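1. quick check, what structure comes out for this input:
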Amino acid sequence: MATMTDTRMRELLDVERRFWTSMQEKDGATASAMTDDGCIIVGAQGVSAIDAKSMAKMTAEGPWELKKYAFDEQHLQVRFLTDDIAVVAYPVTEDIVVDGKPLSFTAHDSSVWVRRGGEWKCALHTESLAGDPFGRDKTAAPRG
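-> The predicted model follows:
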């Protein structure tokens, strides 16, 4: 892996940060401009696809507020598949407010970025809450 001084890696890290900052600032226009139509989102809520217009609305009006985020750059990975397709993966700590309640957690995130017309667009974003990979740290509901 190249060092974090690699210009291309820095560029992608800056793109990823700009995307997160758009969420933090509830800047739907920026989030929309950075979202590839049909962007796939994977997380605890499941798998879905979102277009740029829906991303703008979700960012601006979502029932959550991202107060603070920090990437763990020591464990950050960037891989260019081509000059115009790159994968970024990293641990991130988040301080958010959901339903009026503050929450803090660590997650492992990844994004696939595609450069279209000279602009980076997010084609895939995943978020997995940190914890036991088998879910043993979660309380399971009884099955009936």
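
2. helices along this protein, start to end?
-> Along the chain, counting by DSSP state H, helices occupy 7-24, 28-33, 52-61.

3. I'd say Met23 and Ala60 touch.
-> No: counting by CB atoms under 8 Å, Met23 stays clear of Ala60, with 10.1 Å between them. The way it works is simple: take the backbone N, C-alpha and C, and place the C-beta from them, glycine included.

4. okay, the helices of the chain in CSV with mean neighbour count and distance to Ile85 next?
-> Shown next, in CSV, are the helices of the chain (neighbours: other CB atoms under 10 Å; distance: least, CB to CB, whole Å):
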stretch, mean neighbour count, distance to Ile85
helix 7-24, 17, 11
helix 28-33, 18, 18
helix 52-61, 17, 18
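
5. okay, those in JSON lines with distance to His75 and mean pLDDT next?
-> Formatted as JSON lines, the helices of the chain follow (distance: least, CB to CB, whole Å; pLDDT from 0 to 100):
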{"stretch": "helix 7-24", "distance to His75": "13", "mean pLDDT": "95"}
{"stretch": "helix 28-33", "distance to His75": "25", "mean pLDDT": "97"}
{"stretch": "helix 52-61", "distance to His75": "26", "mean pLDDT": "94"}
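
6. now those helices in JSON lines, with distance to Val87?
-> Converted to JSON lines, the helices of the chain look like this (distance: least, CB to CB, whole Å):
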{"stretch": "helix 7-24", "distance to Val87": "9"}
{"stretch": "helix 28-33", "distance to Val87": "20"}
{"stretch": "helix 52-61", "distance to Val87": "20"}
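
7. brilliant, that's me finished.
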